[in-house]
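> Structure for this input, please:
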Amino acid sequence: MAYVVDLICYPVKGCAGTSSNDALLTPAGLAHDRSFMVISEDGTFRTQRRHPRLALVRPAISTDGTRLTLDAACGADGTGRFGTLCLDVTTSAPRRDVDLFGTAYQGIDQGDEAAAWLSEFLGTPSRLVRVPPEHDRIADGLTSGPSGYADSSAVHLLSRASLALLNQRMAERGAPILPMNRFRPNIVVDSHEGHDNDSGSDRAALPHAEDRARRISIGGAELGYAKPAVRCAVTLVEQEAGARRGPEPLRTLASYRRAASGGVMFGAKFSVITPGKLSVGDEVVVQEWGDAEL
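Next comes the predicted model:
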């Protein structure tokens with residue numbers, strides 16, 4: 001059997017995540033997940049692909065979403081402090097045009113103070129925007145669904161079994177093992193000891209079972225499989241240092257996880273079918289299985 005072992009929200013796209021024992025699953029994913037985004041002055045989104053220092057920014061959002069705190073480390077070891085900024089989130093400021101993978105959306109500008117803080121920390125002119133209430137983006141996939149500023153679908157699910165297999169293969173190649181945060185999942189699942197065969201519900205505990213899960217229930221919530229998580233250069237960024245440490249894990253993943261559509265896949269993206277409350281310890285029940293897109 002598989003269970004939820006971690007729930008991670010990333011309030012600001014590209015920045016550090018926050019783990020919790022309980023989270024509200026909304027139609028667009030975990031509450032407040034990727035609801036803010038750092039952009040250039042012309043509205044193009046910023047991510048760790050080109051700005052790995054974003055990993056050092058640790059956002060915290062109030063439960064009601066009205067207060068955002070940004071805190072950042074400045075040392076390579078994560079011990080030095082850059083500073084803290086506390087913001088009252090606005091939903092009434094003028095909208096700005098923003099670009100996310102070549103598609104035009106709108107964002108609510110969060111003001112000059114946030115822009116100055118991020119610009120100084122990243123070393124390039126930047127601004128912070130929030131998803132507007134009228135945001136109507138629908139991410140595609142086998143199961144489509146609403147999404148904020150995530151790369152694609154609202155929820156990224158990954159199992160510890162999948163990471164353990166990757167780390168085993170990396171160790172065989174003489175590469176250091178990697179932590180889960182390299183892959184920035186929203187929901188991490190694991191099995192209880194003694195449930196590791198391929199029959200019944202125990203199938204959900206096998207490495208890469210998320211590839212084949214088509215409909216999942218967790219507590220009173222339901223998720224529908226959208227697509228594999230095709231990995232990019234963000235996985236090369238050491239999250240604690242805010243710096244690229246390539247070529248792993250992409251080199252090892254390319255040896256056994258090449259997607260039929262191109263690239264390498266690790267983890268899976270899901271859309272929300274039924275919102276609800278999620279908690280660490282909830283059983284992950286796969287209601288429907290399919291074939292992996294590998």
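> What's the first helix or strand after the top helix by length along the chain?
In the chain, assigned by DSSP state H, the helix with the most residues is helix 160-172. Where DSSP states H and E defines the elements, the next helix or strand beyond helix 160-172 is strand 187-191.
> list the buried ones in the longest helix of the chain?
Within helix 160-172, the residues scored as buried using 16 or more other CB atoms under 10 Å are 160-163, 165-167, 169-170. The C-beta positions use only the backbone N, C-alpha and C, and glycine is treated the same way.
> Strands along the stretch 1-150 of the chain, start to end?
2-9, 18-20, 22-26, 29-30, 36-39, 57-61, 67-73, 81-88, 95-100, 103-109, 127-130, 138-139, 145-146 (DSSP state E, counting those that start in this stretch).
> what is the orientation angle of the first one with helix 160-172?
Just to be clear, that refers to strand 2-9. Put simply, strand 2-9 runs at 80 degrees to helix 160-172, going by axes from the mean of the first three to the mean of the last three CA atoms, to 10 degrees.
> Now tell me what touches strand 2-9 from outside.
17-23, 30-33, 61, 159-160, 180, 184-192, 201, 204-205, 209, 218, 278-284 (CB atoms under 8 Å, 6 or more residues apart in numbering).
> Just the buried ones from those residues, in ChimeraX syntax?
Selection command for ChimeraX covering only the buried members of the contacts of strand 2-9, criterion 16+ other CB under 10 Å:
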select :17,18,23,30,31,32,33,61,159,160,180,184,185,186,187,188,189,190,191,204,205,209,218,278,282,284
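> didn't residue 51 look like it was pressed against residue 122?
Yes - Residue 51 is in contact with residue 122 according to CB atoms under 8 Å; the separation is 5.6 Å.
> overlap in contacts of these two?
With CB under 8 Å, 6+ apart, residue 51 and residue 122 have common neighbours residue 38.
> Check the gap between the residue nearest to residue 169 when sequence neighbours are not counted and residue 210 for me.
Nearest residue to residue 169 in three dimensions, chain neighbours excluded: residue 252, at 5.4 Å (CB to CB, 6 or more residues apart in numbering). Computed as CB to CB, to the nearest Å, the residue 252 to residue 210 distance reads 18 Å.
> Low-confidence stretches in the stretch 1-150 of the chain?
75-79 (pLDDT under 70).
> Residue 254 versus the closest residue to residue 253 other than its chain neighbours, what's the distance?
Leaving aside its sequence neighbours, residue 253 sits nearest to residue 264 (CB to CB, 6+ apart; 4.1 Å). Applying CB to CB, the value for residue 264 to residue 254 is 5 Å.
> Among those two, which residue is more densely surrounded?
residue 264 (22 against 13; other CB atoms under 10 Å).
> Tell me how far the more buried one lies from residue 239.
In this structure, residue 264 and residue 239 are 19 Å apart, going by CB to CB.
> Mind checking what secondary structure residue 215 has?
Put simply, residue 215 is strand when judged by DSSP: H, G, I helix; E, B strand; the rest coil.
> Please apply the same query to residue 223.
Taking three-state DSSP, the label given to residue 223 is strand.
> The closest residue to it other than its chain neighbours: which element?
Setting aside the residues directly before and after it, residue 223 is nearest to residue 270 in space (CB to CB, 6+ apart), at 4.0 Å. Assigned by DSSP H and E, residue 270 belongs to strand 265-274.
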